Every structure is written in C-alpha cells, then in structure tokens.
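[1] Next input, structure requested:
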Amino acid sequence: MSIKQEMSQSESTFDKTPLKPLCLLMSLMLLSGVTACSRAQQEQSQVSVDGAAVGFPISLAVAEEYHKVQPEAQVSVASSGTGGGISKFCAGEIDIADASRPITDVEIATCKKKGIAFIELPIALDGIAVITNRANNFTQCLSIKELKKIWSSKSTNKVTNWNQVNSNFPNQRLKLYGPASDTGTFDYFTRAVNGKAKASRTDYTPSHNENILVQGVAGDKTALGYVGLSYYLQNRNKLNLVAVKDPKGQCQKPVPIENIVKNIYAPMSRPLFIYISKKSLDTKPSVRKFVNYYLENSHKWVDQVGYVELPQEAYNKIKQMLVSGETGSRFKSVKPGQPITKVL
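    As a prediction, this is how the structure comes out:
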C-alpha cells in the first residue's frame, strides 16, 4: 500500500482527526526513518583512526591520498597517543589504532572483555633519536648503561649534572625532555633502556607533542631528549643526533636509514603498527577498502614523512596476515631491536 493510500484510509477511518496534524505526523515518521537510514549508511562509510603521534603522519598521508581516489570516503585521523588510541579502540569507539609499540597484555585483556578482536599489522620502521642542543660538543655517543643512568627512576632528582653521567663530561646542568608517560615512544624507550616499560625518572619535561620536545632541546644548551626519528629529520639543523653504542661497543646512529632496515641501530629501532578491529573489517566495506589501500600504497609515503619502509619480505607476509584474518599479537613479548622478519 502506498503512503498516499494509507493516508486516505486513515482519513476515512478517523474522520474526526484533522488532516494536517495527521499528515505532519506521517511526514515526521518518514523523515525519522530516512534520517535513521542515512545515518546508518553514513556510519558504514566512515573509517576512524586514532593513536600514536609517531604513526599519525603516515596514516594522515594515506588518508589524504585515499580521498583522491575515493572522494566519497570519510576517513578521520586523530592523534591521542598510543595509549589513548588503543583505549578508544578497545572500547569499540574507533576502527583502527595507530601504535608506536606493541599492544600490551593489559590492553589485550581490555579488548577481550569488550569483545574486540584485532588484527595487528606492522606498517613501517622507526628509530628513536637521542638528541642534544647544537651547542653540545661533548655528547657524541652514549652507551645504554649511560642512558640508563640518565633515565632510571633511581636518578630522579639525583643525576642532575652531565658529569654524573660520565666524569669526562662537564659539570653542567642536565635538563631532560621526553614523551609523555602514556605514549608508545615512552614505553618503548624505557623498555629498551631501563629494561621495563614505563620505568623512568619523573623529573623531566614531558609532552605528547614531540615538536615541543624538539623546541625545548633546541632552546636549552644543556638539554637532552628523545623523539621519533622523523622529528629529528625535520629539525636536524637545530639539533645534534647522539649515537648509541651497540652490544659490540660500536657507536651507531639511525641515519642513514639502512641502519634501521639492517637492524644495526638495535635496540633503539622499532616497528610501527596499525591495529584493526576484526568486526569493523568484516562488517564495514569502507574499512576493508581503506586497509587494503593502506597496505598497497603506504610505502610510497613512509620515507616522505620521515620513517623507514619495511623489507619487501615483511610486506608480503603482512598482506597474507590480512587475507587470512589472523587475530592477536605476535609482537607483545618481542624484545626491543629484534628483526621484524624473524617475528613474522
């Protein structure tokens, strides 16, 4: 029966009901139905990404290029930090989480309680850059032991001068800058240096915005900090890049980038990830299309935004993981610096 016929029947049956209010009621009902339908269609076409500040430039670049080939796509990319992004992800609020370190056991348990199964896909490599002010001419290379002496929780309000780190360094104040404690970079660095994620001194200047950390170190002659490699590369004229001793005692830097690909800069190099909701992947064609595009094309922009392409062997295996729908984490217990191809 058409809408018009229903209205006619209603008019004859309820002959005491004024026509205009009835028509208005029907119009509102129709409008409500259309609005609900269009809202559901809109939600199906949306893709939401949030998480690591370090992974943000890659996802943003991919989303911008994807929009050029899929103008109707609605992809939102935000940066709440790895911890913040995964928290939203496990609550079912977003489709994809950017992460600059592997998901933790606690986060996995939270996702499980909420019924969120996920697919873990590495998408690039990164190095954590240890940086000093350009005026610093004495800190050319630091060992993990010296970095631990600087950043250990036991050093809080105790190791405050450079000569306390190394007697050959001058008696100058040591001012520290680093990522906030709920970021993936903080987690990875503290695990690599102090042996346990989040184990760190607290008397330093933290920020979720690594550009602020760069500005802090660039403006303080006695400062030291650490940031994702891209933030150093964008500001290399303002900063010194400190080498880190490898297990053989050789001083290594994250540049040239081959040092990261060949795992020479271990344990200060790491994979970057996207975590994809299995439910979103299976029920929202927009998410599957975007992720497929991401894996096929992200390598084109990884270098441009300051990160390092995965080995081709790794890309091939990651694509297979997506096709197979493999859920869970292979990386949650991997030690910093372990070659990605061995894990995959």
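[2] per-residue pLDDT, residue 55?
    If you check residue 55, the pLDDT there is 89.
[3] List the contacts of it.
    Residues near residue 55 by C-beta atoms under 8 Å, 6 or more residues apart in numbering: 98-100, 123-124, 272-274. All C-beta spots, glycine's among them, are computed from the backbone N, C-alpha and C.
[4] Also residue 164?
    Applying C-beta under 8 Å, 6+ apart to residue 164 gives the contacts 149, 158, 174.
[5] Please check the residues you listed and keep the buried ones.
    Buried members of the contacts of residue 164, counted by 16 or more other C-beta atoms under 10 Å: 149, 174.
[6] Go through the contacts of residue 164 and flag which are in helices.
    The helices, defined by DSSP state H, take in residue 149 from those.
[7] Please report which of the contacts of residue 55 has the highest neighbour count.
    Ranked by the number of neighbours (other C-beta atoms under 10 Å), those place residue 98 first, at 32 neighbours.
[8] Looks to me like it is in a strand.
    Yes - counting by DSSP: H, G, I helix; E, B strand; the rest coil, residue 98 is part of a strand.
[9] Was I right to think it contacts residue 57?
    No - checked against C-beta atoms under 8 Å, the pair residue 98 and residue 57 is beyond contact range at 9.8 Å.
[10] Does residue 59 lie in a helix or a strand, and which?
    Using DSSP states H and E, residue 59 sits in helix 56-69.
[11] Next, count neighbours for residue 184.
    Neighbours of residue 184 (other C-beta under 10 Å): 30.
[12] my read: it touches residue 81, true?
    Yes - Residue 184 is within contact range of residue 81, at 7.2 Å (criterion: C-beta under 8 Å).
[13] what touches both of the two?
    Shared contacts of residue 184 and residue 81 (C-beta under 8 Å, 6+ apart): residue 52.
[14] contacts for stretch 135-149?
    130, 132, 150, 155, 159, 162, 164-166, 168-170, 192-194, 221-222, 224, 240, 242-245, 249, 251, 267.
[15] May I see the buried residues of the helix holding residue 59?
    In terms of neighbour count (16+ other C-beta under 10 Å), helix 56-69 has its buried residues at 56-63, 65-66.
[16] Which single one of those is nearest to residue 214?
    residue 57 (14.4 Å; C-beta to C-beta).
[17] Could you check how many residues crowd around the closest residue to residue 51 other than its chain neighbours?
    Spatial nearest neighbour of residue 51, excluding adjacent residues (C-beta to C-beta, 6 or more residues apart in numbering): residue 85 at 2.6 Å. Neighbour count for residue 85, taken as other C-beta under 10 Å: 29.
[18] same thing with the one 10 residues further on?
    Other residues lying near residue 95 total 25 when counted by other C-beta under 10 Å.
[19] Please list all residues in contact with it.
    For residue 95, the contacting residues are 47-49, 276-277, 280, 284, 287, by C-beta under 8 Å, 6+ apart.
[20] returning to that earlier point: helices and strands around the helix holding residue 59, which ones?
    Where contact means 3 or more C-beta pairs under 8 Å, 6 or more residues apart in numbering; DSSP states H and E, helix 56-69 is packed against strand 74-77, strand 96-99, helix 285-297, helix 299-302.
[21] Need the residues that contact that helix.
    By C-beta under 8 Å, 6+ apart, helix 56-69 touches 49, 73, 75, 77-79, 96, 98, 123-124, 230, 272, 274, 290, 293-294, 297-298, 300-302, 304-307.
[22] One more: stretch 297-313?
    Outside stretch 297-313, the residues within contact range by C-beta under 8 Å, 6+ apart are 57-58, 61-62, 65-66, 122-127, 228-231, 233-234, 257, 260-261, 271-272, 315, 318, 340-341.
[23] What's the end-to-end length of it?
    In stretch 297-313, first residue to last residue: 16 Å (C-alpha to C-alpha, to the nearest Å).
[24] So which of the contacts of stretch 297-313 sit within strands?
    Counted as lying in strands by DSSP state E, out of the contacts of stretch 297-313, are 122-127, 228, 271-272.
[25] closest to residue 215 among the residues you listed?
    Checking the ones in strands among the contacts of stretch 297-313 against residue 215 by C-beta to C-beta gives residue 228 as the nearest, at 15.1 Å.
[26] Can you give me the distance of that closest one to residue 264?
    18 Å (C-beta to C-beta, to the nearest Å).
[27] Neighbour count: these two, which is higher?
    The residue with more neighbours, out of residue 228 and residue 264, is residue 228; 29 against 15, by other C-beta under 10 Å.
[28] distance of the residue lying closest to that one once chain neighbours are set aside from residue 230?
    Nearest residue to residue 228 in three dimensions, chain neighbours excluded: residue 54, at 4.2 Å (C-beta to C-beta, 6+ apart). The gap separating residue 54 from residue 230 is 7 Å, by C-beta to C-beta.
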